[in-house]
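sequence plus predicted model, see below.
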Amino acid sequence: MAASISSWVTMSILFILSLLAFFTPSSSHLLHPSIVDSTIEHRNYTAISSFRVVNRRALTDCPDPNPYLQINFSTKNPTLSDEDFITVTVSGVLLPSDDDWVAMISPSDSDVSSCPLNKAEYVQTGDLSTLPLLCHYPVKAQYVSNDPDYLGCKKKECKKYNGTECEVTTCSATLSFHVVNIRTDIEFVLFGGGFDTPCVLTRSSTISFANPKQPLYGHISSTDSTATSMRLTWVSGDKESQEVNYGSGKTVKSTVTTFSQDDMCSSALRSPAKDFGWHDPGYIHSAVMTGLKPSTTFSYKYGSDAVGWSDETQFKTPPAGGSDELKFLAFGDMGKAPRDASVEHYIQPGSLTVINAMTKEVESGNVDSIFHIGDISYATGFLVEWDFFLSLISPMASQVSYMTAIGNHERDYINSGSKYVTPDSGGECGIPYETYFPMPTSEKDKPWYSIDKGSVHFTVISTEHDWTQNSEQYAWMQKDMASVDRSKTPWLIFAGHRPMYSSTHGLFSIDNSFTQAVEPLLKQNKVDLVLFGHVHNYERTCSIYQSKCLAMPTKDQDGVDTYDHNNYAAPVQAVIGMAGFSLDDFSDNPGDWSLIRISKYGYLRAHATREEIDLEFVNSNTGDAEDHFRITKNQKR
């Protein structure tokens, strides 16, 4: 969730001006006492944690070096597979401390030699302490005390004997790190001093991936409403064109693209993506499989003889626009979480259970498409996080069409052309998102589109780009929704990231100007259902317009809330941002328009026929449907 626009702008301007008053671009020491040695904690609403700013801490060697100290790792093979668990052993510790921690560093040759030496460039990190600093961000880290035997020194080893008596006893610990193929070498560094005052104790040797060019993380998306072509996108360390083999002997070459550090956004303050969060993304391959049939299962594999091939995967095309039914899942704000005990720069704690539950649904064959409406990976400028996210979703996103909308944590950044000036993307400015998830949009940085699937027309917008009445996107929305053939696709679903209505605590949930500008279009075009994320819970409204209930659902014979759109009054709106990020609480005094409020992790399951849309909020921990509602109307072909 982003901050209030006006308050953020004011705060940012005053903050920057106060800094500029105390130093010039060439100065590295003329800083106000309130700033020196502080942790201003970046104020960019992308999670505050001591680990997130560790890469701007003063970095030294720990005093009193220990000659017995070692850090080693073991794996099944001398090189890493595409997904692996590394056992890291810390040994020779004379005095275990709860401040001892292990970082996974990549690239392994990272050092402080290239760190900016101007304190002004560190402001956005929230740390302006003594230089040099650890400017290459640790991918993940664990306190050594994650091994419960460590602090009590239950794993002992004698390092020096005096006759038969042990003179020096040391302690050890073991940790497990989950890694995916991020293409660059990895090393492990043992630190003392915790995240606030880190000092280097010792380093491991390095380990490489068996095949840094391996084609990985394939996911598919729809290119149009016919369902006769599907786009496959994947990542590789190989810049040469690869290919997809699919169907019965069909082959198509990939187009290859990437992005660089210079493509990322920055400002007067250095951004994570531009500076300390950068990790080389490799090369992103994309190919369109054509000549397919709707609602049909095909198989594919991708890669090349030169660098290797993916496993063969089966996928199902969605139903064509205008056909009788569609089964889909929808959610927002999912992100990722580690599969080990590590801390990472930004963790969405509910994401794993949601991903696991949805993957089971996809594997059951009862899902035609997925819609992820904003706040995708939460990489927010720490580029290696995209690889971990793509690895997590690949089991489901490789099997059915995975459609997305852009959110604040993909696009927003100061002076970048986004509607909101909060630096929530960490300097990514939508570039990684649009590269990893090419949607059927008209061109780059205009990430709005529409598509028909089965009996539903989806209008997918960007709340992060200009949506005011004189904007290009507004004109597009107006034209797109007005042109829907309701005899072909009787249902119209409108989706974007930021909601129009929310009962969540705080001032930052909604932007009333967005509601005022766009809501009349929804009613005018008889939108049936509106789906938003951004707020991290589940909430369902009445048939709402201008904060008033123009119609209420009635209970059907099964006790299910049913909205009768034969007598259309206004859209039903649902906030579905409960797929991973820490959950938000609700106000004690919600509006009368708020019918159902659930603060639990899950996703929306939907089944649209020509006569009704049946929808359920699924609790990902239990599998139970905790809300169930229908929208109905009679249809004639």
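Arrived safely. All figures in this text were calculated on a predicted structure; none of them were measured in a lab.

can you point out the buried residues in stretch 60-67?
Neighbour-count burial for stretch 60-67 flags residue 62 (criterion: 16 or more other CB atoms under 10 Å). C-beta here means a position set from N, CA and C on the backbone, and glycine is covered the same way.

quote the end-to-end distance of that stretch.
18 Å (CA to CA, to the nearest Å).

now for residue 312: which residues touch it?
Residue 312 sits next to 299-301 when contact means CB atoms under 8 Å, 6 or more residues apart in numbering.

quick one: which of those residues has the most company?
The residue in the contacts of residue 312 with the most neighbours, by other CB atoms under 10 Å, is residue 300 (22 neighbours).

that's a strand at that residue, yeah?
Yes - looking at residue 300 with DSSP: H, G, I helix; E, B strand; the rest coil, it is inside a strand.

what's across from it in the sheet?
residue 246, residue 313 (DSSP bridges).

that one against residue 248, yeah?
No - at 11.4 Å, residue 300 does not count as touching residue 248 under the criterion of CB atoms under 8 Å.

closest to residue 310 among the contacts of residue 312?
For the contacts of residue 312, the residue nearest residue 310 by CB to CB is residue 301; the value is 5.1 Å.

got a list of what the spatially most central residue of the chain touches?
The chain has residue 377 as the residue nearest its centroid, 1.1 Å off, counting by CA atoms, centre = their mean. Residue 377 sits next to 335-336, 385-386, 389-390 when contact means CB under 8 Å, 6+ apart.

out of those, which sit inside helices?
385-386, 389-390 (DSSP state H).

neighbour count added to those, as a markdown table?
Converted to a markdown table, the ones in helices among the contacts of residue 377 look like this (neighbours: other CB atoms under 10 Å):
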| residue | neighbour count |
| --- | --- |
| 385 | 26 |
| 386 | 25 |
| 389 | 23 |
| 390 | 24 |
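
show me which of the residues you listed is closest to residue 142.
The closest of these to residue 142 turns out to be residue 385 (CB to CB; 16.9 Å).

how about that closest one, what does it touch?
Applying CB under 8 Å, 6+ apart, the residues contacting residue 385 are 336, 344-346, 377-379.

close enough to count as contact, residue 90 and residue 102?
Yes - with contact defined as CB under 8 Å, residue 90 counts as touching residue 102 (6.7 Å).

between these two, which contacts overlap?
Contacts common to residue 90 and residue 102, judged by CB under 8 Å, 6+ apart, are 71, 144, 175, 190.

just to revisit the earlier point, make a markdown table out of the contacts of residue 377 and add pLDDT.
Below are those laid out as a markdown table (pLDDT from 0 to 100):
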| residue | pLDDT |
| --- | --- |
| 335 | 97 |
| 336 | 97 |
| 385 | 96 |
| 386 | 98 |
| 389 | 98 |
| 390 | 98 |
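
for those, give me JSON lines that also has distance to residue 328.
Compiled in JSON lines, these are given as follows (distance: CB to CB, whole Å):
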{"residue": "335", "distance to residue 328": "20"}
{"residue": "336", "distance to residue 328": "22"}
{"residue": "385", "distance to residue 328": "26"}
{"residue": "386", "distance to residue 328": "24"}
{"residue": "389", "distance to residue 328": "21"}
{"residue": "390", "distance to residue 328": "21"}
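
which single one of those is nearest to residue 219?
Of all these, residue 219 sits closest to residue 390, with 7.1 Å by CB to CB.

disregarding residues adjacent in the polypeptide, which is nearest to the closest one?
residue 217 (3.7 Å; CB to CB, 6 or more residues apart in numbering).

wait, isn't that neighbour in contact with residue 394?
Yes - here residue 217 reaches residue 394: they are 5.1 Å apart, a contact under CB under 8 Å.

who has more neighbours, those two?
Taking neighbours as other CB under 10 Å, residue 217 and residue 394 compare with residue 217 leading, 26 against 21.

what sits against residue 140?
Residue 140 sits next to 103-104, 177, 338, 340, 342-344 when contact means CB under 8 Å, 6+ apart.

report the buried members of those residues.
103-104, 177, 338, 340, 342-344.

out of those, which are inside strands?
Among the buried ones among the contacts of residue 140, DSSP state E puts 103-104, 177 in strands.

so can I have a markdown table of these showing pLDDT and distance to residue 239?
Converted to a markdown table, those look like this (pLDDT from 0 to 100; distance: CB to CB, whole Å):
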| residue | pLDDT | distance to residue 239 |
| --- | --- | --- |
| 103 | 94 | 30 |
| 104 | 94 | 26 |
| 177 | 98 | 29 |
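
then stretch 406-426 to CSV, C-alphas only?
Provided in CSV are the C-alpha atoms of stretch 406-426 (Å, rounded to 0.1, in the frame of the first residue of the first chain):
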residue,chain,number,x,y,z
ILE,A,406,0.7,-3.4,-12.9
GLY,A,407,0.8,-2.1,-9.3
ASN,A,408,2.5,0.6,-7.4
HIS,A,409,5.4,-1.7,-6.4
GLU,A,410,6.1,-2.3,-10.1
ARG,A,411,5.8,1.2,-11.5
ASP,A,412,5.8,4.2,-9.1
TYR,A,413,8.9,6.3,-8.8
ILE,A,414,9.7,10.0,-8.4
ASN,A,415,9.7,12.0,-11.7
SER,A,416,9.2,8.9,-13.8
GLY,A,417,5.8,9.6,-15.3
SER,A,418,3.8,7.5,-12.9
LYS,A,419,0.6,8.9,-11.5
TYR,A,420,1.9,8.6,-8.0
VAL,A,421,5.4,9.9,-7.0
THR,A,422,6.1,7.5,-4.1
PRO,A,423,9.3,5.4,-4.8
ASP,A,424,7.4,2.2,-4.3
SER,A,425,9.0,0.4,-7.3
GLY,A,426,12.5,1.0,-5.9
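
and it, what's buried?
Buried, per 16+ other CB under 10 Å, within stretch 406-426: 406-414, 416, 418-426.

let me know the average pLDDT across it.
Mean pLDDT, stretch 406-426: 93.

stretch 437-453 - what's its average pLDDT?
Taken as a whole, stretch 437-453 has a mean pLDDT of 97.

extract the C-alpha trace of that stretch and format it as CSV.
Listed next in CSV are the C-alpha coordinates belonging to stretch 437-453 (Å, rounded to 0.1, in the frame of the first residue of the first chain):
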residue,chain,number,x,y,z
PHE,A,437,5.2,-10.2,-18.1
PRO,A,438,4.4,-9.0,-21.7
MET,A,439,0.7,-8.5,-21.8
PRO,A,440,-1.4,-7.7,-25.0
THR,A,441,-0.9,-3.9,-24.6
SER,A,442,-0.6,-1.3,-27.3
GLU,A,443,3.0,-0.4,-26.4
LYS,A,444,5.5,-0.1,-23.6
ASP,A,445,4.6,1.8,-20.5
LYS,A,446,0.9,1.8,-21.5
PRO,A,447,0.1,-1.3,-19.5
TRP,A,448,-3.7,-1.4,-20.0
TYR,A,449,-5.4,-4.0,-22.2
SER,A,450,-8.6,-5.9,-22.6
ILE,A,451,-9.3,-9.5,-23.5
ASP,A,452,-12.2,-11.9,-23.9
LYS,A,453,-12.1,-15.3,-22.2
